[in-house]
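# Build me a model:
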Amino acid sequence: MLFQLDSNQMLHIRLMNSVTIQPPFIHNRRQANEYIIYIIKKGKMYLTENNVKYVLNPGDFFVLDPEYVHEGYQASYCEYYYVHFHHENIAKISFDTEQDLLMSIITKRNDFLKSDPFSYLSSEDNKLLFPKYYLFSNYSDFIKVCCLLDEAASHNNNPLDYYKLLCSLKVTEVLIETYRSFVLYKTQTMSTGMPKSYRKVQELLSFLNKEYVEKITSQDIEAKTECNFDYINRIFKQLTHKTIFAYLNSVRINHAKELISTTNMKLSEIGQAVGFADLYYFSKVFKKATGVSPSTYAKGVLK
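I've put the predicted structure just below:
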């Protein structure tokens, strides 16, 4: 199960810190009026929520739901972070099958990859997702999250200007990093349930965003994906609503607009810097994408 919240609204953090418990302490029976995140550093935590028993181990991320009663059922030594928070717009999302979960992940990842990073507008839906329960599969991801939690706790324990806002931003970053780690784990472990062509498109999107400066041909695409170009191009368009080379050109033009706006490079230099060896072709593609030539765009930006 995943939680989903509107990222346009801030998390309201009430309590946030790390703590160590040891026997004979056992969590009291309670139904909180807020969400509680536990991230385990050392030891074990034994909890029951909604009559389901959980053993939380180092590296576990777990969210307690205010809809249910929870309590400890066994004493133990445990070092962990806790975050008590409220949010005005949060929902639970369940999936009938792992395949449904995987397709949801693929769709959301494609939305991010095809969005325009140089615009105030994007295809993102502002819905931040994070799992109810997840064991960090990558130790470096876990360490990154722990560092962010340490920063959040430092802000929360030092009531200077906007300290709650800074704490909230760090915890939001924790949720994003946790979701990214969760997505990577799921796409790797559930790859047998994912259509091979979808995985190829995912890899191709990342490749185009990283290597857009290089000369990329249909033969390069076939070698990269190990698929017939016409076939992978058709699947690519189904998922992104653009052909492969139309998407590549949009990536290049976005970077060109950035360079025009932030540097004094010549247009020919900018064209080459984003993957267009020919200035005429660069101008033609730029005008098709923006409605104006690069020189006209530059005059509008710089006036």
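
# Am I right that Ser94 is in contact with Asp100?
No - contact criterion C-beta atoms under 8 Å: Ser94 and Asp100 do not qualify, at 9.3 Å. Where C-beta positions appear, they are placed from N, C-alpha and C, glycine not excepted.

# Which one of those two is surrounded by more residues?
Asp100 (12 against 9; other C-beta atoms under 10 Å).

# Helix, strand, or coil at the more buried one?
helix (DSSP: H, G, I helix; E, B strand; the rest coil).

# so what pLDDT did it get?
On the pLDDT scale, Asp100 is placed at 78.

# same thing with Lys288?
For Lys288, the predicted pLDDT is 92.

# And it, its phi and psi?
phi -60, psi -40 (degrees, to the nearest 10).

# show me the contacts for His27.
45, 47, 70-72 (C-beta atoms under 8 Å, 6 or more residues apart in numbering).

# where does it land in three-state SS?
coil.

# on that earlier part again, now go through the contacts of His27 and say which are in strands.
45, 47, 70-72 (DSSP state E).

# Report how many residues lie close to His70.
His70 has 20 nearby residues by other C-beta under 10 Å.

# now do Leu204
Every residue meeting other C-beta under 10 Å relative to Leu204 is counted, giving 24.

# the domain parsing of this protein - what is it?
1-194, 195-303 (automatic domain parsing).

# which stretches of this structure have low pLDDT?
110, 113-125, 190-195, 301-303 (pLDDT under 70).

# Just name the closest of the ones in strands among the contacts of His27 to Ser283, please.
Met45 (61.9 Å; C-beta to C-beta).

# Might one say that the closest one is in contact with Cys78?
Yes - using C-beta under 8 Å, Met45 is in contact with Cys78, at 4.6 Å.

# Please pick the buried ones from the ones in strands among the contacts of His27.
45, 47, 70, 72 (16 or more other C-beta atoms under 10 Å).

# roughly how far apart are the first one and His27?
It refers to Met45. 8 Å (C-beta to C-beta, to the nearest Å).

# Give me the common contacts of those two.
Gly72.

# for stretch 262-273, which positions count as buried?
267, 270-272.

# Would you give the sheet partners of the helix or strand encompassing Ile40, along with the direction of each?
Secondary structure from DSSP states H and E places Ile40 in strand 35-43. Applying DSSP bridges, strand 35-43 is found paired with strand 60-64 (antiparallel), strand 78-86 (antiparallel).

# what's the most buried one of the ones you listed?
strand 60-64 (a mean of 22; mean count of other C-beta atoms under 10 Å).

# Please enumerate the strands of this protein.
2-6, 12-21, 35-43, 45-49, 52-56, 60-64, 70-74, 78-86, 90-93, 127-131, 133-135.

# most centrally placed residue in the protein?
Of all residues in the chain, the one closest to the mean position by C-alpha atoms, centre = their mean is Arg180, 4.7 Å from it.

# Contacts only, for that residue.
Asp141.

# what do you get if the cut-off is 10 Å, keeping everything else the same?
Listed by C-beta atoms under 10 Å, 6 or more residues apart in numbering, the contact set of Arg180 reads 109, 130, 138, 141, 144.

# same thing with Ala75?
Applying C-beta under 10 Å, 6+ apart, the residues near Ala75 are 21-27, 46.

# re earlier: just name the most buried of the strands of the chain.
strand 60-64 (a mean of 22).

# what's the angle from that one to strand 52-56?
140 degrees (axes from the mean of the first three to the mean of the last three C-alpha atoms, to 10 degrees).

# Just want the angle from strand 60-64 to strand 2-6.
Going by the same axes, to 10 degrees, strand 60-64 makes 70 degrees with strand 2-6.

# export strand 60-64 as PDB, just CAs?
The C-alpha coordinates for strand 60-64 follow below in PDB (Å, rounded to 0.1, in the frame of the first residue of the first chain):
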ATOM      1  CA  ASP A  60      12.800  -0.300   7.900                       C
ATOM      2  CA  PHE A  61      10.500   2.600   7.100                       C
ATOM      3  CA  PHE A  62       7.000   2.300   8.600                       C
ATOM      4  CA  VAL A  63       4.000   4.600   8.700                       C
ATOM      5  CA  LEU A  64       1.400   4.300  11.500                       C
END
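
# How far away from the center of its chain is it?
18 Å (C-alpha atoms, centre = their mean, to the nearest Å).

# and which of the contacts of Ala75 is nearest to Ala152?
Looking across these and measuring by C-beta to C-beta, the closest to Ala152 is Ile21, at 20.1 Å.

# I'd like the distance between the closest one and Asn50.
From Ile21 to Asn50 the distance is 22 Å (C-beta to C-beta).
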